[in-house]
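>>> need a 3D model of the following:
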Amino acid sequence: MLAAKPALLPAPRSGLLAQTTMFLDIDGTLLDLTDRPEDVVADGDLRALLANLAVKLDGRLAVVSGRSLDQIDTILGPIAQAIPVTGSHGLEYRWNGIWARPERPASLDEVAQHFSVLARQFPGMLVEEKTYGVALHWRMVAPESAHPARNQARDQAQALAAQLATIHGLVVQNGSDVAELRLAGGDKGQAVRRLMARRGMGGTTPLFFGDDLTDEAGFVAARDLGGRGVLVGARALAGAETAAIYTLPSPAAVREWLRKAAA
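Residues are numbered from 1 along each chain as shown. Prediction:
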C-alpha cells in the first residue's frame, strides 16, 4: 500500500527522540550521490552529529545500507562501530561488536567478470564489488539522461543482470543508475524488523530515512510497526510512488533536520 502523497517532514517536535528509533540509509540520504561510489565519505561534522544522535536516542540509532559493513566503516569512521549497522541490503549486520554474515558465493566473482566485460563497452560504466553483491553503475555514461548511449547502457546492464540472476540464483536490485546482483535472503525491511525486535527498540516508533527503490521495504516495515518512512531527494521531487509518508528534498535537508532533532 502506497502513501497517497507524501508530505514534507515537519520540524522535529520536542520530546521526539524519547520515543523514536531512527534508521538511516547512507548514499543519497545522509550523503549526496557521487559519480564514483568510493568517493562517498562522511566529514567530521556528520560523524559528530551521528555520535550525538546515538547518545540522545540512547542507542536507538541504526544505519541500514546496501553498502557492505566494510564500506560503511570506511565511510562513517569510528561511529559505525558504536551503533547497530546493517549492510548489504540486510544480509549482514553488527551490533555491540558481534557480526552476523553468510558466506560469499563464488558465483559473484563470475558476475563481476561479466559485468566488467560489458563495462568496457561503455566509457564511464563502473563495476562495484561488494561483500554479497556486484553493482554495475552507468551514472557517468553520457551524462545527458536522454542520450542514446546512456539508455543503451542502462538497457544492456539490466538485461545482463536479469540473465545472470536466473543462471546463478541471485536477486536483481535496480536503483538510481545502477543494477546490482546480490545474494538472496535479505532486504532493508527485514533489517528494520530484526532491530525493532531487540530490547530497547521494541515499543518505540521507527523512523526510516531513504532515497531509493531499495529503501521501500524499509518504509513498509516502519509503517507496519507504527512508524513512518521519509523519502529523500530525486525520487521525492519527481513524485515517485512510495510507501513513505514524508519527504525531504536532499541529504543536506536530512542532516539539518537531524541537527534540529538532536539540539
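>>> please make it C-alpha for all contacts and neighbour counts, starting now.
Will do.
>>> which residues touch A80?
By CA atoms under 8 Å, 6 or more residues apart in numbering, A80 lies in contact with 72-73.
>>> which is the next helix or strand following the helix or strand containing it?
Element membership of A80 [criterion: DSSP states H and E] is helix 79-82. On the C-terminal side of helix 79-82, the nearest following helix or strand under DSSP H and E is strand 85-87.
>>> and that following strand, what does it pack onto?
strand 61-64, helix 69-76, strand 92-95 (3 or more CA pairs under 8 Å, 6 or more residues apart in numbering; DSSP states H and E).
>>> quick one: strands adjacent to it?
Paired neighbours of strand 85-87 in the sheet (DSSP bridges): strand 61-64 (parallel), strand 92-95 (antiparallel).
>>> how about stretch 33-46: buried residues?
By 16 or more other CA atoms under 10 Å, the buried positions in stretch 33-46 come out as 33, 40-42, 46.
>>> ok, longest helix in this protein?
helix 148-168 (DSSP state H).
>>> got the domain boundaries for the chain?
For the chain, the domain assignment from automatic domain parsing gives the residue ranges 7-102+185-262, 107-182.
>>> show me what contacts the residue nearest to the spatial centre of the chain?
Nearest to the centroid of the C-alpha atoms of the chain, with distances taken as CA atoms, centre = their mean, sits S65, at 3.7 Å. S65 is in contact with 24-27, 86-90, 188, counting by CA under 8 Å, 6+ apart.
>>> mind doing that once more with 10 Å?
The contact partners of S65, taken as CA atoms under 10 Å, 6 or more residues apart in numbering, are 23-27, 71-72, 85-90, 187-188, 191, 210, 214-215.
>>> got it, and D224?
Taking CA under 10 Å, 6+ apart, one finds 189, 193, 206, 218 in contact with D224.
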